[in-house]
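J.: sequence isn't available, so here's the structure alone:
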């Protein structure tokens, strides 16, 4: 039987406010456990929450970016459940009247087509704390860090419009691109700034009724999400084909071991006993304030991609890669402006630099090579001071902290020889010292001689210690060999 996959996402986006959604406690990442949870975050008796206006504005900005309905009156509810990292015994969230209503996000598919993914809504809520299972804890004992408790989130809920892991990843990446471009989230998924809950079901091809779904929670990387979806789809199909039923449940996926397991049976909304929060008034947003926020929206990814095509003459693919992440886009533009070579800048940012960052598992904001340093390298490639092969050595030196391009070229003696007289002498010397190779070239059929040039080039580059300009050498060599034939 042919099966069809149906996927919907719930995306938790940590808002980049300096303080929490209902208190003045810091949201800075990396503090010692339990040093950033105040009395309000812990719901101590006599404390009252106050809504963070910046969090409201950030949620509205997201809604405007996806052309969604803005909830001009939104209401907070209490979602009641017990868990060790939820000291209040409830989570303050939104249910009936969320701040962002229906909207649409466009994604690009591998075949170049676009697809519209509907957003059901996005609501504001506070984050819970974090359970710790590593470190100095005894077996079977967990620690609780409440620093994250009360951090503002928007939860973005899609419709079940995706039909493959690849579409889900494309949607997640587009959301990441939008929120980082807006500046409402830092996008650091390793720090929990974006987390994905994936709802998955399968059904026979052509069927219109949705199958029983499962939810895989708290995926914090695109790769983990893709792998988890493939694994769950395969599991569900295997169960159905052997005559078993899918159980509606919440599941967890371990990206390190690539193993998924059942966490608990899936709850319904009424299990949480939602009721209006008695401590918070409805949030009312005026049309004037919405228009003020709209006027301040930064350039969004789709517009940036088109500008990169128009302004820098980049291909649609290159422009798409470079405009997806706001920090990458800014880095590229700085490099292109300083080097005055957009094409080489695009190649190096999306190529060598990106590969090195991925290998080290760090973001571009942590890159040891600044945009200014990369631009200095690109300038030396463009003016033929160094070859492409030498450039990689220089890049390694910059990465390792040896200085900028000129300092490394000087220290390592990497300056490319481009003087035509010097290069002609090198070519003449190699030809004179390799008469057998010259005779072989002359006696070879004309249409096969091109393959013989590599041997000469190797000898010349060896004689120049790799510093001869290969393009010039190739031209001089071809001319002199033609004279001998």
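T.: Looks like it arrived, so ask away. Bear in mind the structure is a predicted one, so any value in this text is a computation, not a measurement.
J.: neighbours of residue 48, how many?
T.: Burial measure for residue 48: 9 neighbouring residues, criterion other C-beta atoms under 10 Å. For the C-beta atoms, the positions are set from N, CA and C on the backbone; glycine is no exception.
J.: the strands in the stretch 301-450 of the chain, which residues?
T.: Counting by DSSP state E, counting those that start in this stretch, the stretch 301-450 of the chain forms no strands at all.
J.: shaky segments in it?
T.: 415-419 (pLDDT under 70).
J.: which element is residue 251 on?
T.: Using DSSP states H and E, residue 251 falls within strand 249-254.
J.: ok, that strand: who's next to it in the sheet?
T.: Paired with strand 249-254 in the same sheet, following DSSP bridges, are strand 214-219 (parallel), strand 259-265 (antiparallel).
J.: ends of stretch 339-353, what's the gap?
T.: Stretch 339-353 has its terminal residues 16 Å apart, counting by C-alpha to C-alpha, to the nearest Å.
J.: which residues does that stretch contact?
T.: 312-314, 318, 321-322, 328, 331-332, 335-336, 364, 367, 369, 374-379, 381-382, 392, 395 (C-beta atoms under 8 Å, 6 or more residues apart in numbering).
J.: now, of those residues, which are buried?
T.: Buried members of these, counted by 16 or more other C-beta atoms under 10 Å: 312, 314, 318, 321-322, 328, 331-332, 335-336, 364, 367, 369, 374-379, 381, 395.
J.: need the pLDDT of residue 113.
T.: pLDDT recorded at residue 113 is 87.
J.: oops, could you answer that again for residue 267 instead?
T.: 64.
J.: equivalent analysis for residue 467, please.
T.: 70.
J.: just checking, it touches residue 409?
T.: No - Residue 467 is beyond contact range of residue 409, at 10.4 Å (criterion: C-beta atoms under 8 Å).
J.: looking at these two now, which is surrounded by more residues?
T.: The residue with more neighbours, out of residue 467 and residue 409, is residue 409; 23 against 17, by other C-beta under 10 Å.
J.: quick one on the thing from earlier: tell me which of the contacts of stretch 339-353 fall in helices.
T.: Among the contacts of stretch 339-353, the members found in helices (DSSP state H) are 312, 318, 321-322, 328, 331-332, 335-336, 374-379, 381-382, 392, 395.
J.: what angle do the helix or strand where residue 173 lies and strand 214-219 make?
T.: Here residue 173, judged by DSSP H and E, is contained in helix 165-182. Calculated by axes from the mean of the first three to the mean of the last three C-alpha atoms, to 10 degrees, helix 165-182 forms an angle of 40 degrees with strand 214-219.
J.: so after helix 165-182, what's the next helix or strand?
T.: strand 194-204.
J.: centre of the chain to that next one, how far?
T.: Distance, stretch centre to chain centre, for strand 194-204: 20 Å (C-alpha atoms, centre = their mean, to the nearest Å).
J.: buried residues in it?
T.: Along strand 194-204, these residues count as buried under the neighbour rule (16+ other C-beta under 10 Å): 194-203.
J.: note down every partner strand of it and its orientation.
T.: strand 3-14 (antiparallel), strand 214-219 (antiparallel).
J.: so which of those strands comes closest to residue 274?
T.: The closest of the strands paired with strand 194-204 to residue 274 is strand 3-14. By C-beta to C-beta, the value is 16.3 Å.
J.: residues of the closest one that come out buried?
T.: By neighbour count on 16+ other C-beta under 10 Å, the buried set for strand 3-14 is 5-14.
J.: ditto for stretch 173-181
T.: The neighbour-count check on stretch 173-181 (16+ other C-beta under 10 Å) flags 173-181 as buried.
J.: domain ranges for the protein?
T.: Domain assignment for the chain by automatic domain parsing gives 9-203+266-290, 299-412, 420-484.
J.: what is the neighbour count of residue 206?
T.: By other C-beta under 10 Å, the residues close to residue 206 number 7.
J.: quick check: the gap between it and residue 148.
T.: 44 Å (C-beta to C-beta, to the nearest Å).
J.: repeat that for residue 358.
T.: Per C-beta to C-beta, residue 358 is found 27 Å from residue 148.
J.: so if I had to pick from those two, which one is more boxed in?
T.: The neighbour comparison of residue 358 against residue 148 (other C-beta under 10 Å) goes to residue 148, with 22 against 9.
J.: that one: what's it in contact with?
T.: By C-beta under 8 Å, 6+ apart, the contact set of residue 148 is 127-130, 192.
J.: so which of those residues belong to strands?
T.: residue 130 (DSSP state E).
J.: how about JSON lines for the contacts of residue 148, with distance to residue 158 and pLDDT added?
T.: Output for the contacts of residue 148, formatted as JSON lines (distance: C-beta to C-beta, whole Å; pLDDT from 0 to 100):
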{"residue": "127", "distance to residue 158": "20", "pLDDT": "95"}
{"residue": "128", "distance to residue 158": "22", "pLDDT": "94"}
{"residue": "129", "distance to residue 158": "26", "pLDDT": "93"}
{"residue": "130", "distance to residue 158": "25", "pLDDT": "89"}
{"residue": "192", "distance to residue 158": "20", "pLDDT": "89"}
